[in-house]
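A.B. asks: A predicted structure for the sequence below; I have some questions about it.
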Amino acid sequence: CLKIGGYVRYQIDFSSDDSGWRKKSVADLQFTASSDTEMGTLTSYIEVSTTVHSYSDNWGETYDNPAEPYSDGSFGVDAAWISLGGLTMGYTDTTFDGGINGEFDSFGGHYVHFMRYTFSGGNGFSATLALEEEDYNYDYMPNVVAKVAYSAGSVTATAWAAYDDDALGAGSDEFALKGIVSFKASDALTVQVGATYNSGANFYDNGYEWSLGASAMYQVNEKLALTAGGQYLADNLALVGADDFALGMVVDYTIVPNFTAKLAVNYKDGDSYGDGVVDGFLRFQRSF
């Protein structure tokens, strides 16, 4: 069978570091084809998106005609993969991808070429082992990523480990660790706690040696959800000894089925910032 889906998004970004709004429109298409075989379900997935940016800040300083806004666009493949049973190969988010609820957190995740196998135990346990390549013709040694997840009742725990053989092309091998625990305290309240550790700068790092974060999401009703959280980030890998933190709040609202609005406001400060930064976005999205 063939399934076609996607979304159209309009987003307005803001930051106290800017002198104007930044607008973005996204068109995303997703194609899924599946069929049953004697070796399990055979699936292929393609996701393509095009994004148009418009910037209103510093028009008069940067462009000849300040009354004419600047815009640019991009088109790309966000995912292209094939799976048969537990084996998947292609291009998409790294297996190391994963964060906590909210728009403030920094828990790592990039697009990669990969081959991975996922074992599902059927009792809430799953394990994934992946070989990943972040660059073309870089070397013959892939990165190795492992992910283990377990769910029992209202608790879900997930752990990741990644090994980078040639970290950022610098010739050193580094590793990254991450763990997230999610607890559904009630039908309405979900609490998450996460931690990261990086042995040094690598493809999977979030810019810091270690971090701790937490969030709480409260589903007020079927239309409205509120999320608040924060993350402490220690020992900036680029600025030795610099510690930072981020706080954030998110309001998610379903206007009508398949049409949602999201407002995110974040505050970031610490040794890496001259002054604290307030940023976020207002997003409208129609999914189909």
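C.D. replies: It's in.
A.B. asks: where does the stretch 1-150 of the chain dip in pLDDT?
C.D. replies: Counting by pLDDT under 70, the stretch 1-150 of the chain has low-confidence residues at 55-73, 137-138.
A.B. asks: Tell me which stretches of it form strands.
C.D. replies: Per DSSP state E, counting those that start in this stretch, the stretch 1-150 of the chain carries strands over the ranges 2-15, 22-37, 40-55, 70-84, 87-93, 111-120, 125-133, 143-152.
A.B. asks: After the last one, which helix or strand is next?
C.D. replies: Elements were assigned by DSSP states H and E; along the chain past strand 143-152, the next helix or strand is strand 155-164.
A.B. asks: Report the rounded mean pLDDT for that next one.
C.D. replies: In this model, strand 155-164 has an average pLDDT of 97.
A.B. asks: Contacts made by that strand with the rest, please.
C.D. replies: Here strand 155-164 makes contact (C-beta atoms under 8 Å, 6 or more residues apart in numbering) with 94-96, 98, 143-151, 173-184, 202-204. C-beta coordinates here come from the backbone N, C-alpha and C atoms, glycine included.
A.B. asks: Name the strands paired with that strand and say parallel or antiparallel.
C.D. replies: Counting by DSSP bridges, the strands paired with strand 155-164 are strand 143-152 (antiparallel), strand 174-184 (antiparallel).
A.B. asks: Buried residues, it. List them.
C.D. replies: Thr156, Ala157, Thr158, Trp160, Ala161, Ala162, Tyr163, Asp164 (16 or more other C-beta atoms under 10 Å).
A.B. asks: How about stretch 234-242?
C.D. replies: Under 16+ other C-beta under 10 Å, the buried positions of stretch 234-242 are Ala234, Asp235, Asn236, Leu237, Ala242.
A.B. asks: Could you find the closest non-adjacent residue to the residue nearest the centre of the chain?
C.D. replies: For the chain, the residue nearest the mean C-alpha position is Gly109 (5.8 Å; C-alpha atoms, centre = their mean). Spatial nearest neighbour of Gly109, chain neighbours left out: Asp97 (3.3 Å); criterion: C-beta to C-beta, 6 or more residues apart in numbering.
A.B. asks: Check Asp36 too.
C.D. replies: Asp36's closest residue in space is Leu42 (C-beta to C-beta, 6+ apart), at 7.7 Å.
A.B. asks: Make CSV out of the strands paired with strand 155-164 and add mean neighbour count.
C.D. replies: Shown next, in CSV, are these (neighbours: other C-beta atoms under 10 Å):
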stretch, mean neighbour count
strand 143-152, 18
strand 174-184, 19
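A.B. asks: how far is stretch 93-105 from where the chain is centred?
C.D. replies: Centroid separation between stretch 93-105 and its chain, computed with C-alpha atoms, centre = their mean, to the nearest Å, is 4 Å.
A.B. asks: re the thing from before, let me have the strands paired with strand 155-164 in CSV, adding distance to Ser272 as columns.
C.D. replies: Formatted as CSV, the strands paired with strand 155-164 follow (distance: least, C-beta to C-beta, whole Å):
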stretch, distance to Ser272
strand 143-152, 27
strand 174-184, 20
